[in-house]
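# The sequence and its predicted three-dimensional model are supplied below.
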Amino acid sequence: MMELTRRQLLVAGGGVAGALMASPLSAATAATGVEMIPGARALALPDGERVLVQAFGREVHWQRADGLHHLDLGSPFDTRVVAAARDQRMLWLLDRHKRLLHGVNKRGNVQRQLSLAALRDPADMVIHQGQAFISDVSGHRIVRLDLHEGSMSELHSDRPLNGPSSLAIGRSGLSALTLGDHRLHHFTANGESLGSQTSPVATPAALSNVNGELLLLDRCRNQLCWAGHARPALALPSAGPVRLGHISWQPGGDLLVSL
(Lines give C-alpha, C1' and ligand atoms only; values in the text may rest on other atoms or scores of the structure.)
Protein backbone atom coordinates (compact mmCIF):
# COMPACT_ATOMS: atom_id res chain seq x y z
CA MET A 1 0.00 0.00 0.00
CA MET A 2 1.08 3.56 -0.68
CA GLU A 3 0.54 6.11 2.06
CA LEU A 4 0.94 9.85 2.31
CA THR A 5 1.84 10.44 5.91
CA ARG A 6 0.63 13.35 8.02
CA ARG A 7 4.18 14.74 7.90
CA GLN A 8 4.14 14.73 4.08
CA LEU A 9 0.83 16.57 4.11
CA LEU A 10 2.18 19.16 6.52
CA VAL A 11 5.26 19.71 4.36
CA ALA A 12 3.15 20.00 1.22
CA GLY A 13 0.48 22.23 2.62
CA GLY A 14 2.21 24.44 5.14
CA GLY A 15 -0.21 26.14 7.56
CA VAL A 16 -3.24 25.05 5.54
CA ALA A 17 -2.44 21.37 5.96
CA GLY A 18 -2.13 21.93 9.69
CA ALA A 19 -5.92 21.96 9.76
CA LEU A 20 -6.22 18.43 8.34
CA MET A 21 -8.61 16.31 10.35
CA ALA A 22 -8.51 12.99 8.47
CA SER A 23 -6.48 9.82 8.19
CA PRO A 24 -3.49 9.66 5.80
CA LEU A 25 -4.23 9.88 2.08
CA SER A 26 -3.68 6.47 0.49
CA ALA A 27 -3.98 4.73 -2.88
CA ALA A 28 -3.05 1.45 -4.48
CA THR A 29 0.50 1.79 -5.83
CA ALA A 30 3.72 3.82 -5.54
CA ALA A 31 3.91 6.84 -3.27
CA THR A 32 3.16 10.36 -4.39
CA GLY A 33 3.15 13.76 -2.75
CA VAL A 34 0.46 16.34 -2.13
CA GLU A 35 0.78 20.02 -2.99
CA MET A 36 -1.69 22.62 -1.74
CA ILE A 37 -1.83 25.47 -4.28
CA PRO A 38 -3.69 28.65 -3.28
CA GLY A 39 -4.90 31.26 -5.73
CA ALA A 40 -4.83 29.20 -8.93
CA ARG A 41 -6.38 26.16 -10.58
CA ALA A 42 -3.44 23.79 -10.95
CA LEU A 43 -3.72 21.27 -13.80
CA ALA A 44 -1.19 18.44 -13.76
CA LEU A 45 0.63 17.42 -16.95
CA PRO A 46 3.07 14.57 -17.68
CA ASP A 47 6.75 14.86 -16.69
CA GLY A 48 5.97 17.04 -13.68
CA GLU A 49 4.73 19.96 -15.75
CA ARG A 50 1.57 21.85 -14.91
CA VAL A 51 -0.73 24.61 -16.09
CA LEU A 52 -1.68 27.32 -13.60
CA VAL A 53 -4.93 29.15 -14.34
CA GLN A 54 -5.84 32.38 -12.55
CA ALA A 55 -8.30 35.29 -12.81
CA PHE A 56 -11.30 33.06 -13.61
CA GLY A 57 -9.52 31.36 -16.50
CA ARG A 58 -8.18 34.55 -18.09
CA GLU A 59 -4.51 34.15 -17.10
CA VAL A 60 -2.74 30.95 -18.08
CA HIS A 61 0.85 29.90 -17.31
CA TRP A 62 2.67 26.75 -18.42
CA GLN A 63 5.14 25.63 -15.75
CA ARG A 64 7.98 23.54 -17.19
CA ALA A 65 11.51 22.58 -16.22
CA ASP A 66 12.82 25.73 -17.91
CA GLY A 67 10.51 28.07 -16.00
CA LEU A 68 7.05 29.62 -16.01
CA HIS A 69 5.69 30.66 -19.42
CA HIS A 70 2.74 33.01 -19.87
CA LEU A 71 0.43 31.88 -22.67
CA ASP A 72 -1.25 34.45 -24.90
CA LEU A 73 -4.68 33.16 -25.97
CA GLY A 74 -6.09 36.46 -27.22
CA SER A 75 -8.35 38.84 -25.32
CA PRO A 76 -8.36 37.74 -21.67
CA PHE A 77 -11.93 38.98 -21.20
CA ASP A 78 -13.11 36.46 -23.82
CA THR A 79 -11.03 33.60 -22.41
CA ARG A 80 -11.95 31.05 -19.75
CA VAL A 81 -9.57 28.11 -19.63
CA VAL A 82 -10.90 25.28 -17.46
CA ALA A 83 -8.83 22.23 -18.46
CA ALA A 84 -5.49 21.28 -19.96
CA ALA A 85 -3.90 18.11 -21.30
CA ARG A 86 -0.80 17.29 -23.30
CA ASP A 87 -0.15 14.83 -26.10
CA GLN A 88 3.13 14.09 -27.88
CA ARG A 89 2.86 17.16 -30.11
CA MET A 90 1.43 19.99 -28.07
CA LEU A 91 -0.41 21.29 -25.05
CA TRP A 92 -4.20 21.51 -25.42
CA LEU A 93 -6.27 24.03 -23.46
CA LEU A 94 -10.06 23.90 -23.17
CA ASP A 95 -11.56 27.39 -23.45
CA ARG A 96 -15.07 27.25 -22.03
CA HIS A 97 -16.07 30.77 -23.07
CA LYS A 98 -14.87 30.63 -26.67
CA ARG A 99 -15.78 26.94 -27.03
CA LEU A 100 -12.37 26.21 -28.47
CA LEU A 101 -9.44 23.88 -28.01
CA HIS A 102 -6.20 25.86 -28.20
CA GLY A 103 -3.21 23.79 -29.35
CA VAL A 104 0.01 25.32 -27.98
CA ASN A 105 3.42 24.25 -29.28
CA LYS A 106 6.60 23.87 -27.23
CA ARG A 107 7.51 27.52 -27.84
CA GLY A 108 4.29 28.56 -26.09
CA ASN A 109 2.55 29.78 -29.26
CA VAL A 110 -0.97 28.82 -30.33
CA GLN A 111 -0.47 26.58 -33.36
CA ARG A 112 -3.96 25.10 -33.80
CA GLN A 113 -7.52 25.85 -32.75
CA LEU A 114 -10.36 23.34 -32.91
CA SER A 115 -13.91 24.62 -32.75
CA LEU A 116 -16.32 23.18 -30.18
CA ALA A 117 -19.28 25.18 -31.48
CA ALA A 118 -21.44 22.03 -31.40
CA LEU A 119 -21.13 21.96 -27.60
CA ARG A 120 -23.21 24.16 -25.31
CA ASP A 121 -20.94 24.39 -22.27
CA PRO A 122 -17.65 22.43 -22.39
CA ALA A 123 -16.53 21.88 -18.81
CA ASP A 124 -13.62 19.42 -18.73
CA MET A 125 -11.28 17.48 -21.01
CA VAL A 126 -8.83 14.56 -20.92
CA ILE A 127 -6.71 13.16 -23.76
CA HIS A 128 -5.89 9.55 -24.58
CA GLN A 129 -4.04 8.35 -27.70
CA GLY A 130 -4.90 11.32 -29.89
CA GLN A 131 -8.51 11.50 -28.73
CA ALA A 132 -9.89 14.31 -26.56
CA PHE A 133 -12.85 13.41 -24.36
CA ILE A 134 -14.85 16.54 -23.51
CA SER A 135 -17.78 16.92 -21.12
CA ASP A 136 -20.63 19.22 -22.16
CA VAL A 137 -22.33 19.96 -18.85
CA SER A 138 -25.32 21.93 -20.17
CA GLY A 139 -25.61 19.78 -23.29
CA HIS A 140 -25.76 16.62 -21.13
CA ARG A 141 -23.25 14.67 -23.16
CA ILE A 142 -19.63 13.59 -23.48
CA VAL A 143 -17.94 13.65 -26.86
CA ARG A 144 -14.77 12.15 -28.28
CA LEU A 145 -12.84 14.45 -30.60
CA ASP A 146 -10.12 13.15 -32.91
CA LEU A 147 -7.35 15.73 -32.57
CA HIS A 148 -5.89 14.91 -35.98
CA GLU A 149 -9.00 14.59 -38.15
CA GLY A 150 -11.35 16.83 -36.15
CA SER A 151 -14.17 14.26 -36.24
CA MET A 152 -16.49 14.08 -33.23
CA SER A 153 -18.64 11.28 -31.80
CA GLU A 154 -20.82 10.98 -28.72
CA LEU A 155 -20.44 8.58 -25.77
CA HIS A 156 -23.42 6.78 -24.26
CA SER A 157 -23.82 5.36 -20.77
CA ASP A 158 -26.35 3.02 -19.16
CA ARG A 159 -28.12 6.09 -17.76
CA PRO A 160 -28.65 9.59 -19.18
CA LEU A 161 -25.65 11.87 -18.71
CA ASN A 162 -27.28 14.41 -16.41
CA GLY A 163 -24.84 17.32 -16.37
CA PRO A 164 -21.44 15.67 -16.97
CA SER A 165 -18.71 17.88 -15.55
CA SER A 166 -15.46 16.38 -14.30
CA LEU A 167 -13.55 13.67 -16.21
CA ALA A 168 -10.69 11.35 -15.22
CA ILE A 169 -8.63 8.94 -17.31
CA GLY A 170 -6.54 6.05 -16.06
CA ARG A 171 -5.36 2.55 -16.89
CA SER A 172 -8.88 1.17 -16.50
CA GLY A 173 -10.43 3.78 -18.81
CA LEU A 174 -12.49 6.96 -18.54
CA SER A 175 -14.71 8.05 -15.66
CA ALA A 176 -17.14 10.98 -15.56
CA LEU A 177 -19.04 12.74 -12.79
CA THR A 178 -22.58 13.95 -13.51
CA LEU A 179 -23.73 16.79 -11.28
CA GLY A 180 -27.47 16.44 -11.87
CA ASP A 181 -27.76 13.03 -10.24
CA HIS A 182 -24.37 12.62 -8.50
CA ARG A 183 -23.39 9.53 -10.48
CA LEU A 184 -20.07 8.16 -11.69
CA HIS A 185 -20.11 6.83 -15.25
CA HIS A 186 -17.37 4.52 -16.47
CA PHE A 187 -16.13 3.85 -20.01
CA THR A 188 -13.35 1.93 -21.70
CA ALA A 189 -10.46 3.89 -23.19
CA ASN A 190 -12.35 3.65 -26.50
CA GLY A 191 -15.48 5.24 -25.04
CA GLU A 192 -17.63 2.10 -24.62
CA SER A 193 -19.90 2.14 -21.57
CA LEU A 194 -19.01 0.07 -18.51
CA GLY A 195 -22.08 1.25 -16.59
CA SER A 196 -22.51 3.76 -13.78
CA GLN A 197 -22.90 3.97 -10.01
CA THR A 198 -24.17 6.39 -7.39
CA SER A 199 -21.45 8.64 -6.03
CA PRO A 200 -20.22 7.53 -2.59
CA VAL A 201 -20.15 11.18 -1.45
CA ALA A 202 -23.25 13.34 -1.20
CA THR A 203 -21.98 16.49 -2.91
CA PRO A 204 -19.21 15.58 -5.40
CA ALA A 205 -17.71 18.44 -7.39
CA ALA A 206 -14.63 16.99 -9.13
CA LEU A 207 -12.72 13.75 -9.55
CA SER A 208 -9.25 12.56 -10.50
CA ASN A 209 -7.71 9.15 -11.17
CA VAL A 210 -4.76 8.74 -8.78
CA ASN A 211 -2.68 5.58 -9.17
CA GLY A 212 -5.67 3.69 -10.54
CA GLU A 213 -8.19 4.81 -7.90
CA LEU A 214 -10.83 7.52 -8.19
CA LEU A 215 -10.50 10.43 -5.80
CA LEU A 216 -13.56 12.67 -5.32
CA LEU A 217 -13.73 16.25 -4.11
CA ASP A 218 -16.70 16.84 -1.81
CA ARG A 219 -17.04 20.62 -1.97
CA CYS A 220 -19.78 21.14 0.64
CA ARG A 221 -17.97 19.02 3.23
CA ASN A 222 -14.57 20.38 2.13
CA GLN A 223 -12.94 16.96 1.90
CA LEU A 224 -11.43 14.40 -0.48
CA CYS A 225 -12.68 10.81 -0.54
CA TRP A 226 -11.66 7.68 -2.39
CA ALA A 227 -14.57 6.26 -4.38
CA GLY A 228 -14.25 2.89 -2.65
CA HIS A 229 -13.85 4.09 0.94
CA ALA A 230 -16.28 5.66 3.39
CA ARG A 231 -13.83 7.73 5.46
CA PRO A 232 -12.40 11.00 4.12
CA ALA A 233 -8.84 10.77 2.82
CA LEU A 234 -8.22 14.46 3.52
CA ALA A 235 -10.47 17.05 5.14
CA LEU A 236 -10.41 20.74 5.99
CA PRO A 237 -12.92 22.42 8.32
CA SER A 238 -16.20 22.68 6.43
CA ALA A 239 -16.84 26.16 7.85
CA GLY A 240 -13.26 27.39 7.55
CA PRO A 241 -11.92 30.12 5.24
CA VAL A 242 -9.89 27.69 3.09
CA ARG A 243 -11.90 25.80 0.46
CA LEU A 244 -10.87 22.85 -1.68
CA GLY A 245 -11.43 23.92 -5.29
CA HIS A 246 -9.94 21.36 -7.66
CA ILE A 247 -7.78 18.22 -7.81
CA SER A 248 -5.43 17.05 -10.57
CA TRP A 249 -2.84 14.29 -10.90
CA GLN A 250 -0.54 12.73 -13.49
CA PRO A 251 1.61 9.60 -13.07
CA GLY A 252 4.97 10.37 -11.52
CA GLY A 253 3.86 13.73 -10.12
CA ASP A 254 2.22 15.13 -7.04
CA LEU A 255 -1.50 15.36 -6.40
CA LEU A 256 -2.28 19.04 -6.97
CA VAL A 257 -4.99 20.37 -4.65
CA SER A 258 -6.15 23.85 -5.66
CA LEU A 259 -7.50 26.11 -2.94
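Structure's in. What do you need?

# quick one, what contacts Pro164?
Residues near Pro164 by Cβ atoms under 8 Å, 6 or more residues apart in numbering: 123, 135-137, 140-142, 176-179, 185. For every residue, glycine as well, the C-beta is placed using N, CA and C.

# what's around Arg120, how many residues?
Neighbours of Arg120 under the rule other Cβ atoms under 10 Å: 14.

# residues touching it, list them.
Contacts of Arg120 were listed using Cβ under 8 Å, 6+ apart, and they are 136, 138-139.

# Highest neighbour count among those residues?
Compared across the contacts of Arg120, Asp136 has the highest neighbour count, 23 neighbours, by other Cβ under 10 Å.

# Against Asp121, how distant is it?
Per Cβ to Cβ, to the nearest Å, Asp136 is found 6 Å from Asp121.

# picking up where we left off before, compare the contacts of Pro164 and tell me which is most surrounded.
Neighbour-wise, the contacts of Pro164 (other Cβ under 10 Å) top out at Ser135, 29 neighbours.

# partners of whichever helix or strand that one is part of in the sheet?
Using DSSP states H and E, Ser135 maps to strand 131-136. Paired strands of strand 131-136, with direction, are strand 122-128 (antiparallel), strand 141-146 (antiparallel) (DSSP bridges).

# mind checking how far that strand is from the chain centre?
12 Å (Cα atoms, centre = their mean, to the nearest Å).

# Report the buried residues of stretch 145-153.
Buried positions in stretch 145-153, judged by neighbour count with 16 or more other Cβ atoms under 10 Å: 145, 147.

# Identify the residues contacting that stretch?
87, 92, 101, 103, 114, 116, 118, 127, 130-134, 143-144, 191.

# Could you pull out the strands in the stretch 101-250 of the chain for me?
110-115, 122-128, 131-136, 141-146, 152-154, 164-170, 173-178, 183-187, 193-198, 204-210, 213-218, 223-226, 234-235, 246-248 (DSSP state E, counting those that start in this stretch).

# Off-centre distance for the last one?
Distance of strand 246-248 from its chain centroid, counting by Cα atoms, centre = their mean, is 5 Å.

# repeat for the first one
Mean C-alpha position of strand 110-115 versus that of the full chain (Cα atoms, centre = their mean) differs by 21 Å.
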